[in-house]
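> coords please:
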Amino acid sequence: MIARALKLQLDAGASTPFIDDEAIPGWSIGAVEAIRQLGIAGGRGGNRFAPNETVTRAEGTVMLLRMLEHN
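This next block holds a predicted model:
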């Protein structure tokens, strides 16, 4: 949603440096990499993105604030 709101260019063939990159759905990998490169989402400890875990309120707030700062 953040990548779409910022109207970012997405690379359909992108990959990420996260160790759980293969768990990130193919339809979203370009968006994940785009917001990672902007510093909006940095993943979790151990260089994991954790695509199947729920985002905490704090994580969501930080990402929204970073998105607003970018804009």
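> mind listing what the residue nearest to residue 38 when sequence neighbours are not counted touches?
Spatial nearest neighbour of residue 38, chain neighbours left out: residue 70 (5.7 Å); criterion: Cβ to Cβ, 6 or more residues apart in numbering. Quick note: C-beta positions are derived from backbone N, CA and C, even for glycine. Contacts of residue 70 were listed using Cβ atoms under 8 Å, 6 or more residues apart in numbering, and they are 6, 38, 40.
> What about the nearest residue to the last one once chain neighbours are set aside, how many residues nearby?
Think residue 40. Leaving aside its sequence neighbours, residue 40 sits nearest to residue 66 (Cβ to Cβ, 6+ apart; 4.5 Å). For residue 66, the neighbour count with other Cβ atoms under 10 Å is 17.
> now swap in residue 41 and tell me
23.
> Residue 14 too?
For residue 14, the count of nearby residues is 17 (other Cβ under 10 Å).
> doesn't it fall inside a helix?
No: per DSSP: H, G, I helix; E, B strand; the rest coil, residue 14 lies outside any helix segment and is coil.
> give me every residue that touches the residue nearest the centre of the chain.
Centroid-nearest residue in the chain: residue 32, 3.5 Å away (criterion: Cα atoms, centre = their mean). Neighbouring residues of residue 32 by Cβ under 8 Å, 6+ apart: 14, 16, 24, 41, 49, 51.
> Settle this for me: the second one is touching residue 30, isn't it.
No: proximity of residue 16 to residue 30 does not meet the contact threshold set by Cβ atoms under 8 Å, at 9.7 Å.
> Return the set of buried residues in the longest helix belonging to the chain.
Counting by DSSP state H, the longest helix found in the chain is helix 57-70. Buried positions in helix 57-70, judged by neighbour count with 16 or more other Cβ atoms under 10 Å: 63, 66-67.
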